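In: What follows is a predicted protein model with its sequence.
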Amino acid sequence: MEAAQINGDSQCRRSLSRKASSSSFRLRCPSLNSLRLRRIFDIFDKNGDTMITVQEINQALSRLGLEADVSELDSTIRSFIKPGNDGLTFDDFVALHQSLDESLFGAETELEEEEEMSQEESDLTEAFKVFDEDGDGYISARELQVVLGKLGLPEAREIDRVEQMICSVDQNHDGRVDFFEFKHMMQSVVVRSS
């Protein structure tokens, strides 16, 4: 079992190279993107000093199964760190993300802007798949706990807390979250944060 897990993990490792890039990296809904970036920044900022260092980014990427060359990561990120700072502030992080977004995917055209709603649905589907580890169309408390653990979030340590998270979204009270419940939850988060 353990050997299969290790083998599965190595097969699931992804690269940060341009060749492996896909348009699902970009969330075109600005409010969803802003919320996502804030959450990512907070997750990467392990020591809570409101800055993320190259080392913190590298550690977070490794936990998510993304491999990056540290020297390449350092040279990319250093140009966004303001003089006198040891790491990226949230605004620096947003600027880095926008720069990577534009270099990997190019600027958006009017046609692309008109496709935001279908792209948002696609983004939500991709996000749902991250949590639905077994692909059965539902997010269980155990699956949510695994993902929260990979992200290093303290909630992952307490299954009761994870079950409460599931219950707060579970509209049909079956003990798990389907795509429509997930979509409703994500859209209400975006509406409240806008």
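Out: Cool, the structure landed. Predicted model, so just to flag it, every value in this text is computed and none were measured. Residues are numbered from 1 along each chain as shown.

In: contacts, neighbours, all on C-alpha from now
Out: Will do.

In: Show me the strands in this protein, by range?
Out: Remark: strands assigned in the chain by DSSP state E are 14-15, 66-67, 138-139, 177-178.

In: Other residues contacting the last one?
Out: Under the criterion C-alpha atoms under 8 Å, 6 or more residues apart in numbering, residues Gly137, Tyr138, Ile139, Ser140, Ile166, Val169, Asp170 lie in contact with strand 177-178.

In: and if we set it to 6 Å?
Out: The contact list for strand 177-178 (C-alpha atoms under 6 Å, 6 or more residues apart in numbering) reads Tyr138, Ile139, Asp170.

In: Next up, the contacts around Phe80.
Out: Asp92.

In: how about 7 Å then?
Out: Neighbouring residues of Phe80 by C-alpha atoms under 7 Å, 6 or more residues apart in numbering: Leu88, Asp92, Leu96.

In: which residues does the nearest residue to Lys46 once chain neighbours are set aside contact?
Out: Closest residue to Lys46 in three dimensions, ignoring its sequence neighbours and counting by C-alpha to C-alpha, 6 or more residues apart in numbering: Glu56, at 6.9 Å. Listed by C-alpha under 7 Å, 6+ apart, the contact set of Glu56 reads Phe44, Asp45, Lys46.

In: Pull out the buried members of the residues you listed.
Out: Buried members of the contacts of Glu56, counted by 16 or more other C-alpha atoms under 10 Å: Phe44, Asp45, Lys46.

In: pLDDT at the residue sitting furthest away from the middle of the chain, what is it?
Out: Note on the chain: the largest C-alpha distance from the chain mean falls to Gly84, namely 28.5 Å (C-alpha atoms, centre = their mean). Model confidence at Gly84, given as pLDDT, is 90.

In: Export the contacts of Phe80 to CSV and append columns for pLDDT, neighbour count and distance to Asp74.
Out: As requested, the contacts of Phe80 are arranged in CSV below (pLDDT from 0 to 100; neighbours: other C-alpha atoms under 10 Å; distance: C-alpha to C-alpha, whole Å):
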residue, pLDDT, neighbour count, distance to Asp74
Leu88, 92, 25, 11
Asp92, 91, 18, 14
Leu96, 86, 19, 12
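
In: got the residues you listed as a markdown table, with distance to Arg157 columns?
Out: Converted to a markdown table, these look like this (distance: C-alpha to C-alpha, whole Å):
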| residue | distance to Arg157 |
| --- | --- |
| Leu88 | 28 |
| Asp92 | 31 |
| Leu96 | 32 |
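
In: from those, which is closest to Gly149?
Out: Among the contacts of Phe80, Leu88 lies closest to Gly149 (C-alpha to C-alpha), at 24.0 Å.

In: which residue is nearest the middle of this protein?
Out: Closest-to-mean residue, the chain, C-alpha atoms, centre = their mean: Ile40 / 6.1 Å.

In: Return the distance of that residue relative to Tyr138.
Out: 23 Å (C-alpha to C-alpha, to the nearest Å).
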